[in-house]
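K.L.:
coords below, sequence missing:
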């Protein structure tokens, strides 16, 4: 009778640091989603239907949606780090989580400013855009203050869990790669390219959603064209990872060209926003932040895509197919197991060999 096929959940249970890493992200996401949901409900109750006549009617809900999408992306990013056994991606997940901290702080300031601004705004008929007899800040002000504290605590816990996770991943990497320095170097370059490409996807989605909803109100020909181009960009990112793994030179060159074209487009948009900053007053900081981060990550991703292209046909494809990407359905659960009964005998390995990015 064959042994039961190990699932991702079973592998998590057999690796305490991996389980702790995912649990922290999951708990954080649940708490933030619940608190954000309460704020959104209170905020919408404060507004009248005529609020959609002004940009602020789109800005705050869009920022809420993008903030929540960030935590969902973060959780998926963390699960993928465990799946790939990538220390570099796990560390980047901590950096990404820390990046939510200033966003949470700014969110409180922006909502407070938006509430004060809307209290003095009227529609074309001279009616107020909000219910002046309601004071939602008294209800969700403390919640918005608690959000950055929760994010900060979870970020610290993630850093601690990654420290233990690195010891485990270093051991797994040694078992898979051995002492082949060239293969280790190519593997690290590939892993960095893959995780950077995923970050590019996150930032361009955030930029296009914020721009399309707040500036175009989610309608019109330009909005449709932008959504189509966003779909093309997402497909290109996914295909670039596939082509890199399968070592398809033609496909990889096409992807690199699209990366460069996308970067040029974002540079144009960033310059346009900076020149016409008064026109983007309500979303200026948000759009410039996402555009700048997208440009930076695309540039670095393109560099690593070229490095991956140079490493084609050097043995990495066979290694990825055997160890990295395709969890062997017949593998035993001990392949993702912390040998606690041996007292972490491989614990000092990370100080001797840096086997994983």
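P.N.:
Done, it's in. The structure presented is a predicted model; accordingly, all values stated were derived computationally and were not measured.

K.L.:
can you pull the buried residues of the helix or strand residue 265 falls within?
P.N.:
Here residue 265 sits within helix 249-275, counting by DSSP states H and E. For helix 249-275, burial by neighbour count (16 or more other Cβ atoms under 10 Å) applies to 251-252, 255-256, 258-259, 262-263, 265-267, 269-270, 273. Backbone N, C-alpha and C define where each C-beta goes, glycine included.

K.L.:
how far off helix 249-275 does the helix or strand just after it point, in degrees?
P.N.:
With elements assigned by DSSP H and E, the helix or strand that comes after helix 249-275 is helix 284-310. In terms of direction (axes from the mean of the first three to the mean of the last three Cα atoms, to 10 degrees), helix 284-310 departs from helix 249-275 by 160 degrees.

K.L.:
and the lengthiest helix in the chain, what other elements does it pack with?
P.N.:
The longest helix of the chain (DSSP state H) is helix 137-177. Applying 3 or more Cβ pairs under 8 Å, 6 or more residues apart in numbering; DSSP states H and E, one finds that helix 137-177 contacts helix 16-46, helix 87-119, helix 181-214, helix 349-352.

K.L.:
got JSON lines for those helices, with mean neighbour count and mean pLDDT too?
P.N.:
Compiled in JSON lines, these are given as follows (neighbours: other Cβ atoms under 10 Å; pLDDT from 0 to 100):
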{"stretch": "helix 16-46", "mean neighbour count": "17", "mean pLDDT": "88"}
{"stretch": "helix 87-119", "mean neighbour count": "18", "mean pLDDT": "84"}
{"stretch": "helix 181-214", "mean neighbour count": "21", "mean pLDDT": "87"}
{"stretch": "helix 349-352", "mean neighbour count": "14", "mean pLDDT": "44"}
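
K.L.:
Just want the angle from the longest helix of the chain to helix 87-119.
P.N.:
Helix 137-177 and helix 87-119 meet at an angle of 170 degrees, taking the same axes, to 10 degrees as the criterion.

K.L.:
Please work out the average pLDDT along helix 137-177.
P.N.:
Averaged over helix 137-177, pLDDT sits at 81.

K.L.:
Let me know the angle separating that helix from helix 16-46.
P.N.:
With the same axes, to 10 degrees as the basis, helix 137-177 and helix 16-46 are set at 150 degrees to each other.

K.L.:
and helix 137-177, how far from the chain's centre?
P.N.:
Remark: helix 137-177 is offset 14 Å from the chain centroid, using Cα atoms, centre = their mean, to the nearest Å.

K.L.:
For the remainder of this discussion, apply numbering that starts at 677.
P.N.:
Right, with 677 as the first residue, what we last looked at is helix 813-853.

K.L.:
between that helix and helix 857-890, how many degrees?
P.N.:
Taking the same axes, to 10 degrees, helix 813-853 and helix 857-890 form an angle of 160 degrees between their directions.

K.L.:
buried ones in whichever strand or helix holds residue 737?
P.N.:
Applying DSSP H and E as the criterion places residue 737 in helix 732-760. The neighbour-count check on helix 732-760 (16+ other Cβ under 10 Å) flags 732-744, 746-747, 749-751, 753-760 as buried.

K.L.:
Show me what it packs onto, helices and strands only.
P.N.:
Applying 3+ Cβ pairs under 8 Å, 6+ apart, we find helix 732-760 packed against helix 684-689, helix 692-722, helix 763-795, helix 857-890.

K.L.:
please redo it, this time with the cut-off set to 6 Å
P.N.:
The contact analysis (3 or more Cβ pairs under 6 Å, 6 or more residues apart in numbering; DSSP states H and E) places helix 732-760 against helix 692-722, helix 763-795, helix 857-890.

K.L.:
okay if I get these as CSV plus distance to residue 821?
P.N.:
Output for those, formatted as CSV (distance: least, Cβ to Cβ, whole Å):
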stretch, distance to residue 821
helix 692-722, 11
helix 763-795, 6
helix 857-890, 24
